[in-house]
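# I need the structure of the sequence given here:
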Amino acid sequence: MSCCAPCSAGAIKQLADGEIPNVDDFIVLFFNPNIFPAAEYDKRLAEQIRYCEQFGVKYAIGEYDHVAWRDAVRGMENEPERGARCSICFQFRFEYARRWATEHGYDAVTSVFGVSRHKSQSQVDDAGNNALGAQYIPIKWDEELRQQIGRASDFYRQNYCGCEFSMRPTRDKNNAEKQKIIPIR
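Presented below is the predicted three-dimensional model:
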């Protein structure tokens, strides 16, 4: 599973180059209903597609249902980054990946969610194991390769994880005014 091209670039290259043992076939699943606003989602999706197509890598796009995601994290809006909201978010997305993988003939799922400096790899791995059990494969991606690709690319980059609750305070105020964020009640 991928959150964005900057985080997934090294993993995609490693997988495409056959550097990950026991992986014969893979697809990049982009399922990120947490990303806000929709324009941000569109930018990240376009970059992911562009990078996959550059390597001739298959990709799939899950439904963007931000309302369902907000329902899943209801009551956790004020949790800090790397807190309980993030665990629920990962769990929500991994459960979708489990269903998607089963329906499309894939027997395992891995993720680059923990690659971001905004996230915790152990938290991602815990959510993956909880949602997928043996179907979840934790992989330590080559961080140096990811950074090297990132420096050489012209990726669109963002400065927050994706959801409206992860926006930094100064951005949060500006985006809330622009987007008219309606709090969950």
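# Counting neighbours, what do you get for residue 31?
Using other Cβ atoms under 10 Å, residue 31 has 21 neighbouring residues. (C-beta placed from N, C-alpha, C; glycine too.)
# Spatially nearest residue to it, not counting backbone neighbours?
residue 62 (3.1 Å; Cβ to Cβ, 6 or more residues apart in numbering).
# residue contacts, residue 128?
Going by Cβ atoms under 8 Å, 6 or more residues apart in numbering, residue 128 touches 90, 94, 109, 110, 111, 136, 138.
# Which one (most neighbours) among those?
The member of the contacts of residue 128 surrounded by the most neighbours (other Cβ under 10 Å) is residue 111, with 28 neighbours in all.
# So that one belongs to a helix, correct?
No - using DSSP: H, G, I helix; E, B strand; the rest coil, the assignment for residue 111 is coil, not a helix.
# from the contacts of residue 128, which single one is nearest residue 43?
Nearest to residue 43 among the contacts of residue 128 is residue 111, at 20.4 Å by Cβ to Cβ.
# quick revisit: how much space between the residue nearest to residue 31 and residue 73?
Separation of residue 62 from residue 73 (Cβ to Cβ, to the nearest Å): 17 Å.
# now do residue 43
Distance, residue 43 to residue 73, by Cβ to Cβ: 22 Å.
# now residue 113
Residue 113 sits 15 Å away from residue 73, going by Cβ to Cβ.
# between those two, which one's more packed in?
Per other Cβ under 10 Å, whichever of residue 113 and residue 73 has more neighbours is residue 113, with 27 against 20.
# wait, the more buried one sits on residue 125?
No - applying Cβ atoms under 8 Å, one finds residue 113 not in contact with residue 125, separated by 9.4 Å.
# quick one: the helices in the protein?
5-16, 38-55, 66-72, 84-103, 121-132, 143-152, 169-179 (DSSP state H).
# Deepest in the core, which of those helices is it.
Stretch with highest mean neighbour count among the helices of the chain: helix 5-16 (a mean of 23; mean count of other Cβ atoms under 10 Å).
# Now find how far off-centre that one is within its chain.
On the basis of Cα atoms, centre = their mean, to the nearest Å, helix 5-16 sits 12 Å off its chain's mean C-alpha point.
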